[in-house]
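In: the following comprises the amino acid sequence and a computationally predicted model.
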Amino acid sequence: MVEIPKSMKALVLTGPDAFEMREVNTPIPGAGEILARVDSVAICGTDLKIIKGVFKGLWPKSYPAIIGHEWSGTIVKAGPESFRFSEGDRVAGEPHKGCGFCRNCMTGRYTICENYGNLDLGHRHYGFTAPGAYAQYIRLL
């Protein structure tokens, strides 16, 4: 079992073209979620536009934000009801997780989920509307 620290380092976008390295709480996986240690992360062209503030108010919805959506890592903890993955599994990030219930998600078009950006209904767009991978750990559904 891997010891998971209570806090982690994250590169936090605090505004257009403004970053700070911060200590933030390490996320705790809930039901159906996993926590992965980020082993590598890439910088996408979209990240550069997010950093510049091109999509301000949409990606990210607000500041401060942890962006980054092209990554790979290792699962360090699986929350309850996480049946598909185990600690030690190597994973690569998929930035979208649709709600799973709307018409688009039910037909496999989760990247155009009707509940886009609604975290309460289960949609996640890691590094855009949900915390991303410019951190030591990332929590995923």
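Out: Received it, and whenever you're ready, just let me know what you need.

In: what's in contact with the helix or strand harbouring M8?
Out: M8 is part of strand 7-15 when elements are defined by DSSP states H and E. Contact partners of strand 7-15, identified using C-beta atoms under 8 Å, 6 or more residues apart in numbering, comprise 19-26, 50-51, 53, 60, 63-68, 134-137. C-beta: built from backbone N, CA, C; applies to glycine.

In: following it, which helix or strand shows up next?
Out: strand 18-25.

In: roughly how far does V91 sit from S7?
Out: The gap separating V91 from S7 is 22 Å, by C-beta to C-beta, to the nearest Å.

In: the more surrounded of the two?
Out: More crowded of V91 and S7, by other C-beta atoms under 10 Å: V91, with 16 against 11.

In: quick one: the helix or strand harbouring that one to chain centroid distance?
Out: Using DSSP H and E, V91 falls within strand 90-92. How far strand 90-92 lies from its chain's middle: 13 Å, per C-alpha atoms, centre = their mean, to the nearest Å.
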